[in-house]
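Student: please work out how this folds:
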Amino acid sequence: MRVAVMAAGALGGYFGGRLAEAGHEVHFIARGANLAAIKANGLRIKSELGDLHLPKPNVTDDPKTIGEVDLVFFAVKLWDVEKSGVAAKPLVGKNTRVLSMLNGIESPERIAPILGDDVVVACPTRISAVIAEPGLILHKALKPNFICGFMDGRDDARLKSLVDEMQGAKFEAKYSREIEKDLWEKFVFLVGMSGATAGLRATLGEIREDPDTLAVLESLMREVEAVGVKKGIPIKGYADKAISFAKAAPAGGKASMAEDLERGNRLETDWLQGKVVELGRALGVPTPVNRDIYAVLKLHRMGKGR
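Tutor: Numbers count the residues shown, from 1 in each chain. Here you go, the predicted structure:
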C-alpha cells in the first residue's frame, strides 16, 4: 500500500512507522522541530513490542509532493481538522480511504464535507503514546489497535481489503459496520480517563486508591454513557466495562491530555468533556462531573502559549 500519515505525531507516527516496518510505502507529513528531527535522524519508536528506527523515512511538510495514496492516517489535533483536511486533498482519490483517528465523536462529520463522505472513515484508536522528543515516539501502554468503518454502516470491499493488507504489522486493525457504537465506546473511556487524570493531576493508580477520586472517574464515564443512550447509541452498560478496564490498567497510566497539560500544550477538552456537557444540555441529561472537570481545565485549554 501507499500510505500517508497526517501527521507524524505520537499516534500517526506509531501506526505509520509500524506499517513501514511491515514493508509498506509510507509517507509522513510533519512540521517544525519534528520534521527537522525526522529528516536529520529518522523516525524512532521505543516500545515493549519492539523498538524501531526508520533511518530515512519519506517525510515532508507538503502533501502535494506525495500525490494520491491508498490510505491516509488522519491523526491531527482536533483544532486542526478543517485546515488539515484541506491540506490533505492532494492525497485523496476515489479509491483512497481516509481513516479519521482523532479523539471525540464528531471528526468524521467535520472531514467528510472537505474530502468526501465516500472516502472518510471513522477509526476509533486505542494507544498510549507520546512524543518524548522530536522524532522519538514512546509507546507507553495498551496494545495498539483500531477499528474502522463508515458512519452509515455501509459495506465497503475497498476498506476491507486495506484492513487485510495491514495484518502483520505490530498493531491490530479491524473492520466494523457498527462504527458509531465503537466510536462512542471509546468516547466513554477517553472522556473519563482524560478528564480524571488531567483534572485531578494524578495517575490512574493514584486515582484508584482514593474512593472520592475514583468516584470522579466513574461518574465521568457514566455520564457519557447516559448521554449516548439518550441519543440512541446502543452502549447501555458499557461504562461498567470501561471502569473495569480502568481498574485493571497500569497504575502509572495517564491520558495524553494529562501529558499535554503538564507540558503546557493545548488541550482537547472542548471536544471531550465540553462536548458531553453540550450534548447533555441539548438532550436533558445531567452531566455535573463533566461540567466541573471542563471548568477546571477550561482556562488551560489553549496552553501556555495562549
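
Student: can you give me the strands in the stretch 201-306 of the chain?
Tutor: Using DSSP state E, counting those that start in this stretch, the stretch 201-306 of the chain contains no strands.

Student: where in it is pLDDT low?
Tutor: Low-confidence segments of the stretch 201-306 of the chain (pLDDT under 70): 305-306.

Student: three-state assignment of Val98?
Tutor: strand (DSSP: H, G, I helix; E, B strand; the rest coil).

Student: partner residues bridging it?
Tutor: Val72, Val120 (DSSP bridges).

Student: got a list of what it touches?
Tutor: Val98 makes contact with Val72, Phe74, Ala88, Leu91, Val92, Ile111, Leu115, Val119, Val120, Val121, according to CB atoms under 8 Å, 6 or more residues apart in numbering. In this view, the C-beta of every residue, glycine as well, is placed from N, C-alpha and C.

Student: if you rank these by neighbours, which is first?
Tutor: For the contacts of Val98, the largest number of neighbours (other CB atoms under 10 Å) sits with Val72, at 31 neighbours.

Student: hang on, Val163 packs against Tyr175?
Tutor: Yes: between Val163 and Tyr175 there is a contact under CB atoms under 8 Å: 4.7 Å.

Student: and which of the contacts of Val98 is nearest Leu283?
Tutor: Ile111 (24.4 Å; CB to CB).

Student: ok, the closest one to Pro250 distance?
Tutor: 32 Å (CB to CB, to the nearest Å).

Student: likewise Ala157?
Tutor: Taking CB to CB, one finds Ala157 at 39 Å from Pro250.

Student: chain neighbours aside, what residue packs nearest to Glu259?
Tutor: Computed as CB to CB, 6 or more residues apart in numbering, the closest residue to Glu259 that is not its neighbour in sequence is Val130, at 5.3 Å.

Student: so which bits of the helix or strand that neighbour falls within are buried?
Tutor: Here Val130 sits within strand 125-133, counting by DSSP states H and E. Judged by neighbour count using 16 or more other CB atoms under 10 Å, the buried positions of strand 125-133 are Thr125, Ile127, Ser128, Ala129, Val130, Ile131.

Student: do you know the pLDDT at the residue lying closest to Gly50 once chain neighbours are set aside?
Tutor: Residue nearest to Gly50 in three dimensions, not counting chain neighbours: Lys170, with 6.5 Å by CB to CB, 6+ apart. As predicted, Lys170 sits at a pLDDT of 94.

Student: tell me which of Ala157 and Pro250 has more neighbours.
Tutor: Neighbours were counted for Ala157 and for Pro250 using other CB under 10 Å; Pro250 has more, 13 against 7.

Student: give the contact list for the more buried one.
Tutor: Ala141, Leu204, Gly205.

Student: so what's the residue count around the closest residue to Glu21 other than its chain neighbours?
Tutor: The shortest distance from Glu21 to any non-neighbouring residue, by CB to CB, 6+ apart, is to Leu52 (5.5 Å). Other residues lying near Leu52 total 19 when counted by other CB under 10 Å.

Student: show me the contacts for Leu52.
Tutor: Leu52 neighbours (CB under 8 Å, 6+ apart): Gly17, Arg18, Glu21, Leu43, Arg44, Ile45.

Student: kindly recompute the last result at 10 Å.
Tutor: 14, 17-18, 20-21, 42-46, 137, 139, 170 (CB atoms under 10 Å, 6 or more residues apart in numbering).

Student: if any of those are buried, give me the ChimeraX selection for them.
Tutor: Typed into ChimeraX, the next command selects the buried ones out of the contacts of Leu52 (criterion: 16+ other CB under 10 Å):
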select :14,17,18,20,21,42,43,44,45,137,139,170
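
Student: reformat the contacts of Leu52 as JSON lines; add distance to Phe187 and secondary structure.
Tutor: Shown next, in JSON lines, are those (distance: CB to CB, whole Å; DSSP: H, G, I helix; E, B strand; the rest coil):
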{"residue": "Tyr14", "distance to Phe187": "21", "secondary structure": "helix"}
{"residue": "Gly17", "distance to Phe187": "26", "secondary structure": "helix"}
{"residue": "Arg18", "distance to Phe187": "25", "secondary structure": "helix"}
{"residue": "Ala20", "distance to Phe187": "30", "secondary structure": "helix"}
{"residue": "Glu21", "distance to Phe187": "30", "secondary structure": "helix"}
{"residue": "Gly42", "distance to Phe187": "35", "secondary structure": "coil"}
{"residue": "Leu43", "distance to Phe187": "29", "secondary structure": "strand"}
{"residue": "Arg44", "distance to Phe187": "31", "secondary structure": "strand"}
{"residue": "Ile45", "distance to Phe187": "27", "secondary structure": "strand"}
{"residue": "Lys46", "distance to Phe187": "29", "secondary structure": "strand"}
{"residue": "Ile137", "distance to Phe187": "24", "secondary structure": "strand"}
{"residue": "His139", "distance to Phe187": "22", "secondary structure": "strand"}
{"residue": "Lys170", "distance to Phe187": "26", "secondary structure": "coil"}
